[in-house]
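In: Next input, structure requested:
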Amino acid sequence: MDRNFMVSIEQAMQLVDEYTSTGTKTITTLQLARNQYLADSVSSPIHMPPFHQSAMDGYAVHFNQDHQNNFVLIDEIKAGDAKNPSLEPGEAVRIFTGAPVPNNTNAVIMQENCNVQNNILIIEDQLTPNKNIRKQGEQIQKGATALEKGALLNPAAIGFLATLGITEVAVYKMPKICIVVTGNELVSPGTPLKHGQIYESNAIMLQTALAEKGFTDVAILKVKDDYTATKDSLKNALENCNFLLISGGISVGDYDFVGKALLELNTEQVFYKIKQKPGKPMFFGINQQTLIFALPGNPASALTCFYIYIDAALQKHIGNPNHQKQTVTANLKNDYDKKGIRGEFLKATLHQNQVEILPNQSSAMLNSYAKANALIYLEEGVQIYNKGTKVTVFPIA
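Out: The predicted model follows:
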């Protein structure tokens, strides 16, 4: 592919995926593994349950044809008790949920169906083998795979591993990310605006988008439109991060220095410019092991590129087996006449199988993005979309 020409959206997705690798494995505690992905499968070191266990409060009994209703109570076993008596036919013990059942127990009867008179247990329930007994290894056998490589460590998964006595797991290191923001016209919110200035919002917007996905090791650098300053800031960032996100300065204006500086720093350009709207002037490259996404300065363009390309790369880096952006098909609630032939992403609201195009689609506008929970993808070359047309949708919320 000639990388001096614009790539299609599909080509851009494919190239980002090809150049993205999973991160370095590391061992972490369960407490710190939340929402990460297993780098290695985990085997159970024990049976779970580790012993035959009572499923409720009641009475453990050893019944046969001669002993169906009346049993002699000989003991009591609570959860956590280490004693391990054996029951003879016609014997029973008082037992509680989670307690180990005695040897030879073949049923546990819930206490609501029992009466005790003078140490004699009277059963008012049908006796069936293994009733209310959690068998040893019923949930998982020792040595069996508890969770496969790539499993998401959500609260249930972490709780499951903890029940097996596991305290540490192998995951992929979370990436170090740097956001570099360029532009003489940008000032921090809270500062009085002078004529010609605007508030800088992309840094906090991207930082928040990253945090929502669990990426919190994020540094922010701001640089004026000066070649030397731009090159020095990018050099510093490249030495200290796995992912470099650059906001602005990637177009071809007289004061857009990012592209030149990146190439001067021996960055391999994978592609520059995508046949899409918004977000056409996006640059993607690699320098050593650092992936670089140079984004347009317009906020909606930058955020769209984050959702479509950067998030997928980050998910692959941390071992998510489903890192590619997932899409759904929905019916369009509006008529839409697409200007031009480029593929287009439209801010939208998705509800069940209906998707509505929001107003204010300009690449500079975030007010409609704040209400959006999806991006409609309109394919390259197709221009007229009528209400009711089935379209591809990227959920983003």
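
In: Run a quick check on Gly259 versus Tyr272, I expect a contact.
Out: Yes. If you go by Cβ atoms under 8 Å, Gly259 and Tyr272 touch, sitting 7.0 Å apart. For glycine as for every other residue, the C-beta is placed from the backbone atoms N, C-alpha and C.

In: what touches both of the two?
Out: Here Gly259 and Tyr272 have Ile250, Phe283 as joint contacts, going by Cβ atoms under 8 Å, 6 or more residues apart in numbering.

In: residue ranges of the helices in the stretch 201-350 of the chain, please?
Out: Applying DSSP state H, counting those that start in this stretch to the stretch 201-350 of the chain gives helices spanning 202-212, 227-238, 258-264, 299-305, 311-317.

In: let me fix that: the stretch 51-200 of the chain
Out: Counting by DSSP H, counting those that start in this stretch, the stretch 51-200 of the chain has helices at residues 155-163.

In: what ranges do the strands span in it?
Out: 53-54, 58-61, 70-77, 91-95, 107-110, 114-117, 120-123, 133-134, 145-147, 168-172, 177-182, 186-187, 198-199 (DSSP state E, counting those that start in this stretch).

In: Gln269: how many residues sit nearby?
Out: With neighbours defined by other Cβ atoms under 10 Å, the count for Gln269 comes to 16.

In: show me what contacts it?
Out: When contacts are counted by Cβ under 8 Å, 6+ apart, Gln269 touches Arg3, Leu262, Leu263, Phe283, Phe284, Gly285.

In: circling back: of all the strands of the stretch 51-200 of the chain, which gets the most neighbours per residue?
Out: Comparing the strands of the stretch 51-200 of the chain by mean neighbour count (mean count of other Cβ atoms under 10 Å), strand 58-61 ranks first with a mean of 26.

In: partners of that one, with directions?
Out: Strands that pair with strand 58-61, judged by DSSP bridges, come out as strand 91-95 (antiparallel), strand 107-110 (antiparallel).

In: Now tabulate those strands in CSV and tack on mean pLDDT and distance to Gly319.
Out: As requested, those are exported to CSV (pLDDT from 0 to 100; distance: least, Cβ to Cβ, whole Å):
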stretch, mean pLDDT, distance to Gly319
strand 91-95, 97, 44
strand 107-110, 97, 42
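
In: Quick one: closest of those to Lys135.
Out: With Cβ to Cβ as the measure, strand 107-110 is the member of the strands paired with strand 58-61 nearest Lys135 (11.8 Å).

In: Just the CA trace of the closest one, in PDB.
Out: Output of strand 107-110 as PDB, limited to C-alpha atoms (Å, rounded to 0.1, in the frame of the first residue of the first chain):
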ATOM      1  CA  ALA A 107     -29.300 -36.400  52.500                       C
ATOM      2  CA  VAL A 108     -29.700 -33.100  54.300                       C
ATOM      3  CA  ILE A 109     -33.300 -32.200  55.300                       C
ATOM      4  CA  MET A 110     -34.200 -28.500  55.700                       C
END
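
In: which residues sit against it?
Out: By Cβ under 8 Å, 6+ apart, the list of residues contacting strand 107-110 from outside reads 54-61, 63, 95, 101, 123, 125, 127-133.

In: 6 Å instead?
Out: Here strand 107-110 makes contact (Cβ atoms under 6 Å, 6 or more residues apart in numbering) with Ser54, Met56, Gly58, Tyr59, Ala60, Val61, Ile123, Asp125, Leu127, Lys131, Asn132, Ile133.

In: JSON lines please, covering the strands paired with strand 58-61 and showing distance to Ile204.
Out: Converted to JSON lines, the strands paired with strand 58-61 look like this (distance: least, Cβ to Cβ, whole Å):
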{"stretch": "strand 91-95", "distance to Ile204": "58"}
{"stretch": "strand 107-110", "distance to Ile204": "57"}
